[in-house]
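1. Below are the sequence and a predicted model; questions follow.
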Amino acid sequence: MTTTTLRHSPTASNLLRSELIKLRSLRSTYWAAALTVLSIFLMSSGLILAVSVVPADVNPDPGAVILDQAGETPSVTTLAFGYSFAQYVVAILGVLIISAERGPGLLNMTLAAVPQRTPVYTAKLLLSGAVGFGLGLVASLISFFSVQPALAGLGLGADIRDVQSIQVILGGSVYLGLIAVLSTALGALFKSTASGGGVMLGLLLFAPGLVGLIPGIGGFLSQILPTSAGRMLYQPVGTVGWSTVLTGLFILLGWAVISAVIAGVLFKRRDVT
């Protein structure tokens, strides 16, 4: 009589659960989450809250100041400031989702338990995107509702059910989610957090200024960078139109998908240590 041993591959839900447990074990995860929420809140709501509490004898018309600085939809327009800062924190968190396991050898242990690398890599990308999107959504809602009392008193309040409010909040959250996916993909290409984080921050921080200097095609290249696409995605649709919003979404999806595929192929072939 022969005995057959069945080897069960872990399910997608089990892989996602294990990746979530590992992410929750990192102290840096909580710092990054707190900084993301705090940065969006302070950067997007700070101007409105500061102007609204200035004494009347110093600033007799706070509504005019807010309109001048943030336009006719300050509740959502100012969220752009928050997203533009939070993207750096989310980028580092996305890199850490994969690079933090390399140093202590946890990634080798994971791949010993799940020899097929693609499911592990995919689980990390999905978790990264979900975390980036979730943090952006929570922070956006906190910021939106926190300024409504002050804005309502000035006749500038907004309704969360308004199409433009939904578009900006979801657009910014999607942007942060895709930035996290892109960061995790780049993190898979490098063996240290510093290298992956440096490349990602360079893409977000320095590339917009440097690419524009390239003669002839600099203007076009700068428009298809992730940061430029993000601004298309989370700018109020009443200002830029749906075609611009969708263009930004497709460009960002292109960055995320192409980077994920290239990094996934190399992740399967190369030594992970």
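-> Arrived safely, thanks for sending. Residues are numbered from 1 along each chain as shown.

2. per-residue confidence for L156?
-> Turning to L156, the model gives it a pLDDT of 83.

3. which one is the residue nearest in space to the middle of the chain nearest to, not counting chain neighbours?
-> The C-alpha lying nearest the average C-alpha coordinate of the chain belongs to L176 (CA atoms, centre = their mean; 1.6 Å). In this structure, L176 finds its nearest non-sequential neighbour in G136, 3.8 Å apart by CB to CB, 6 or more residues apart in numbering. Any C-beta I mention is one placed from the backbone N, CA and C, and that applies to glycine too.

4. burial count for the one you found?
-> 31 (other CB atoms under 10 Å).

5. Kindly report the same for L246.
-> L246 has 13 nearby residues by other CB under 10 Å.

6. Show me which residues of the helix or strand where it lies are buried.
-> Take DSSP states H and E as the rule and L246 turns out to sit in helix 242-269. The neighbour-count check on helix 242-269 (16 or more other CB atoms under 10 Å) flags 245, 247-249, 251-252, 255-256, 259-260, 263-264, 267 as buried.

7. thinking V181 is in contact with L127, fair?
-> No - if you go by CB atoms under 8 Å, V181 and L127 don't touch, sitting 9.7 Å apart.

8. Compare those two (neighbour count), which wins?
-> More crowded of V181 and L127, by other CB under 10 Å: V181, with 28 against 24.

9. SS state for the more buried one?
-> With DSSP: H, G, I helix; E, B strand; the rest coil as the basis, V181 sits in helix.

10. if I look at it, how far off is G134?
-> Note on V181: its distance to G134, by CB to CB, to the nearest Å, is 13 Å.

11. Have a look at the protein and report the helix or strand with the lowest mean pLDDT.
-> Ranking every helix and strand in the chain by mean pLDDT, DSSP states H and E puts helix 106-113 at the bottom, with a mean of 66.

12. The helix or strand that comes right after that one vs helix 242-269, what angle?
-> Following helix 106-113 in sequence order, the next helix or strand is helix 117-153 (DSSP H and E). On the basis of axes from the mean of the first three to the mean of the last three CA atoms, to 10 degrees, helix 117-153 is oriented at 150 degrees to helix 242-269.

13. what mean pLDDT would you report for helix 117-153?
-> Per-residue pLDDT values over helix 117-153 give a mean of 91.
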